[in-house]
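Peer 1: Structure, please.
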Amino acid sequence: MDDESLLETVDSLTVSKINFKEEKTMEDLSKASEKLNKLTNKDVRIIYLPPTTVASIYHIGGNPGPESITGDLLFDFIKMNNLPEAKPDFRHFGFNRHAEGKPAGMEHHGYERWVTIPDNIEISAPFVKKQFAGGLYAAFMIPMGDFHMWEAFYDYVKKHEKYELMWAGGDSADLHGWDGCMEEHLNAINHFLWSCEESDKFMQLDLLLPIKERK
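Peer 2: Numbers count the residues shown, from 1 in each chain. Okay, the predicted model is just below:
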């Protein structure tokens, strides 16, 4: 087709038809996205985390982020203490925690990691031994990187008919700046043994929210 024929064809497509098609497409995409991000009872599990002893590492700062710094320190700790043999069922948790005395909206955020350890293990700074009380949690699994699902997960639990959120509270020294929500790195021992960039592509996490039964 020559240029004149193309212009005549384009001119025959009215603006109203084009706009309608675009609006309809955006509406469909919005509905599809909402449906994909809406959780159901099949997606969310109710689990009990048992009380346990953990080694905690915490850092607050900018670049590199506290997630990266605490992750490297934790990896070295697991290796140095030979946890795959000393505690082959060890678990790895992480959560945001702002510095004591600083507001939650500060420029640099903090991140804390826990790894479960044998009760009799001796640890030294910068690690701190803590006792995790455990409790009832709502759990939702995501692939690494899908952290945008936190919002949908939170909304689902908040509206749950049988359970309600139960925040940890931040008055004690150990809990300061932490509300109880966490992320568990699933299959932690395998991720440690692989210890390569490829393993990140297959990492799964449980988003965890503390809950209790409604009265």
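Peer 1: Which residues are in contact with the nearest residue to Asn81 once chain neighbours are set aside?
Peer 2: In this structure, Asn81 finds its nearest non-sequential neighbour in Ile121, 6.5 Å apart by C-beta to C-beta, 6 or more residues apart in numbering. For the C-beta atoms, the positions are set from N, CA and C on the backbone; glycine is no exception. Contact analysis of Ile121 by C-beta atoms under 8 Å, 6 or more residues apart in numbering lists 55, 81, 86, 129.
Peer 1: Ile121 is in what secondary structure piece?
Peer 2: Per DSSP states H and E, Ile121 falls between elements, in no helix or strand.
Peer 1: And it, how far from Thr52?
Peer 2: Separation of Ile121 from Thr52 (C-beta to C-beta, to the nearest Å) stands at 12 Å.
Peer 1: Mean pLDDT per helix and strand in this protein: which one sits at the bottom?
Peer 2: Within the chain, no helix or strand scores below helix 15-36, which has a mean of 53 by mean pLDDT, DSSP states H and E.
Peer 1: if we look at the sheet, which residues does the spatially most central residue of the chain bridge to?
Peer 2: Central residue of the chain (C-alpha atoms, centre = their mean): Glu183, 4.4 Å from the mean position. Counting by DSSP bridges, Glu183 forms beta bridges with Gly94, Leu207.
Peer 1: On the pLDDT front, check the closest residue to Ile117 other than its chain neighbours for me.
Peer 2: Excluding its sequence neighbours, the residue lying closest to Ile117 (C-beta to C-beta, 6+ apart) is Ala55, at 5.0 Å. Listed pLDDT for Ala55 reads 97.
Peer 1: Same question for Tyr58.
Peer 2: As predicted, Tyr58 sits at a pLDDT of 94.
Peer 1: For stretch 66-84, give the mean pLDDT please.
Peer 2: The predicted model assigns stretch 66-84 a mean pLDDT of 95.
Peer 1: no wait, stretch 130-145
Peer 2: The model assigns stretch 130-145 a mean pLDDT of 94.
Peer 1: ranges for the helices of this protein?
Peer 2: All helices of the chain, identified by DSSP state H, fall at 3-12, 15-36, 66-80, 83-86, 149-158, 188-194, 197-200.
Peer 1: For the third one, C-alpha coordinates in PDB please.
Peer 2: In this case it means helix 66-80. Extracted in PDB, the C-alpha atoms of helix 66-80 (Å, rounded to 0.1, in the frame of the first residue of the first chain):
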ATOM      1  CA  PRO A  66      21.100  -4.100  56.100                       C
ATOM      2  CA  GLU A  67      19.600  -7.100  54.400                       C
ATOM      3  CA  SER A  68      22.900  -7.700  52.500                       C
ATOM      4  CA  ILE A  69      25.200  -7.100  55.500                       C
ATOM      5  CA  THR A  70      23.200  -9.300  57.900                       C
ATOM      6  CA  GLY A  71      22.900 -12.000  55.200                       C
ATOM      7  CA  ASP A  72      26.700 -12.200  54.800                       C
ATOM      8  CA  LEU A  73      27.300 -12.300  58.500                       C
ATOM      9  CA  LEU A  74      24.700 -15.000  59.000                       C
ATOM     10  CA  PHE A  75      26.200 -17.100  56.200                       C
ATOM     11  CA  ASP A  76      29.600 -16.900  57.900                       C
ATOM     12  CA  PHE A  77      28.000 -17.700  61.300                       C
ATOM     13  CA  ILE A  78      26.300 -20.900  59.900                       C
ATOM     14  CA  LYS A  79      29.600 -22.000  58.300                       C
ATOM     15  CA  MET A  80      31.700 -21.300  61.400                       C
END
